[in-house]
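# no sequence on this one, just coordinates:
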């Protein structure tokens, strides 16, 4: 890339990426229509296309390395199907915000929750992820009880995997450019949170009835942080909880 290109790219304020992970390899056959096999190009499909797919990670790494040298976007997300494949989340300096969606692949493939040190990570929890914890025997439950049990199961799983990720973060906010913060946006109604909160924090008891929603969010955030040895406080990690209705536009792509 020439000097003019480097100067232009340094002005990039927002970057929207498409992270292609190993776990999605099984779906990449859709890049070429299988009907082509009927037209006598099966050999082309099985050899040439597979060759390109097998090497896409090398191409991604090379492109990612070039971007990391010339870009430092303050806002990053992975909402685009047209942007670069990936971005080095450990790049310095980190973006001010990183927005990503947590889907069922995090459960199926045990993918660590992406958290950027010294940055604000906006985690948009997909409805399908919460519904993955729906009780098997739920015919006797009301719709709200079914949703509450699904959310409770999800949050218990999420706290475990979140704690593992936080323990791997550098101590003291990494490079010290800002506080490490997470905002977790849940796809549920406020009334469901009022039902679930006392199940997670039994000490709330009857207090939950007169508690404001901002206080309920705070209590769920405290529960996610867990005990002193969980690593959140030692790593300087702050956790906020909100609903989808409060997520607003993505700072990177406006979605």
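Sure thing, it's come through. All values reported here derive from a predicted model rather than from experimental measurement. Numbers count the residues shown, from 1 in each chain.

# looking at the protein, which helix or strand does the model trust least?
Lowest by mean pLDDT, DSSP states H and E among the helices and strands of the chain is helix 42-44, with a mean of 47.

# So residue 130 versus residue 72, what's the distance?
Distance, residue 130 to residue 72, by CB to CB, to the nearest Å: 34 Å. The way it works is simple: take the backbone N, C-alpha and C, and place the C-beta from them, glycine included.

# what does residue 51 give?
34 Å.

# Name the residue in these two with the higher neighbour count.
residue 72 (17 against 10; other CB atoms under 10 Å).

# pretty sure residue 87 contacts residue 76?
Yes - when contacts are counted by CB atoms under 8 Å, residue 87 is listed as touching residue 76 (6.3 Å).

# Find residues that contact each of the two.
Listed as contacting both residue 87 and residue 76 by CB atoms under 8 Å, 6 or more residues apart in numbering are 15, 17.

# What helix or strand is residue 251 located in?
Of the helices and strands defined by DSSP states H and E, none includes residue 251.

# which ones are touching it?
By CB under 8 Å, 6+ apart, the neighbours of residue 251 are 14, 75, 77, 96-97, 99, 122.

# so of those residues, which ones are in strands?
Under the assignment DSSP state E, the contacts of residue 251 contribute 14, 75, 77, 97, 99, 122 to strands.

# Residue 87 and residue 76: who's more crowded?
Legend: neighbour count by other CB under 10 Å for residue 87 and residue 76, higher for residue 76 (27 against 24).

# For that one, give the beta-bridge partners.
Note on residue 76: beta-bridge partners by DSSP bridges are residue 15, residue 98.

# residues in contact with it?
By CB under 8 Å, 6+ apart, the contact set of residue 76 is 14-17, 87, 95, 97-99, 252.

# Now with 6 Å, please.
15, 95, 98, 252 (CB atoms under 6 Å, 6 or more residues apart in numbering).

# Please report how far the nearest residue to residue 243 once chain neighbours are set aside lies from residue 135.
Distances taken as CB to CB, 6 or more residues apart in numbering place residue 186 nearest to residue 243, at 5.6 Å, with adjacent residues excluded. Separation of residue 186 from residue 135 (CB to CB): 18 Å.

# More neighbours: which of those two?
residue 186 (27 against 14).

# List the backbone torsions phi and psi for that one.
Per-residue torsions, residue 186: phi -100, psi 140 (degrees, to the nearest 10).

# That one contacts residue 124, correct?
No - using CB atoms under 6 Å, residue 186 is not in contact with residue 124; the gap is 9.3 Å.

# contacting residues for residue 125?
For residue 125, the contact set (CB under 6 Å, 6+ apart) comprises 102, 186-187.

# Closest one of those to residue 163?
Distance to residue 163, by CB to CB, is smallest for residue 102 among these, at 15.3 Å.

# neighbours around the closest one, how many?
Using other CB under 10 Å, residue 102 has 22 other residues around it.

# Return the residues in contact with it.
So residue 102 contacts 123, 125, 129 (CB under 6 Å, 6+ apart).

# Likewise for residue 127?
With CB under 6 Å, 6+ apart, residue 127 has these contacts: residue 187.

# begin at 39 from here
Sounds good: first residue 39 from here, last item residue 165.

# Look at it and report its pLDDT.
Listed pLDDT for residue 165 reads 94.

# Check the one 5 residues further on too.
Reported pLDDT at residue 170 in the predicted model: 93.

# correct me, but it touches residue 142?
Yes - assessed by CB under 6 Å, residue 170 is found in contact with residue 142 at 5.4 Å.

# Look up phi and psi at residue 117.
Torsion angles at residue 117 (phi, psi; degrees, to the nearest 10) stand at phi -90, psi -10.

# That one is in contact with residue 55, isn't it?
No - using CB under 6 Å, residue 117 is not in contact with residue 55, being 8.5 Å away.

# Those two: which has the busier surroundings?
A count of neighbours by other CB under 10 Å puts residue 55 above the other of residue 117 and residue 55, at 24 against 17.

# State the distance from that one to residue 184.
Computed as CB to CB, the residue 55 to residue 184 distance reads 35 Å.
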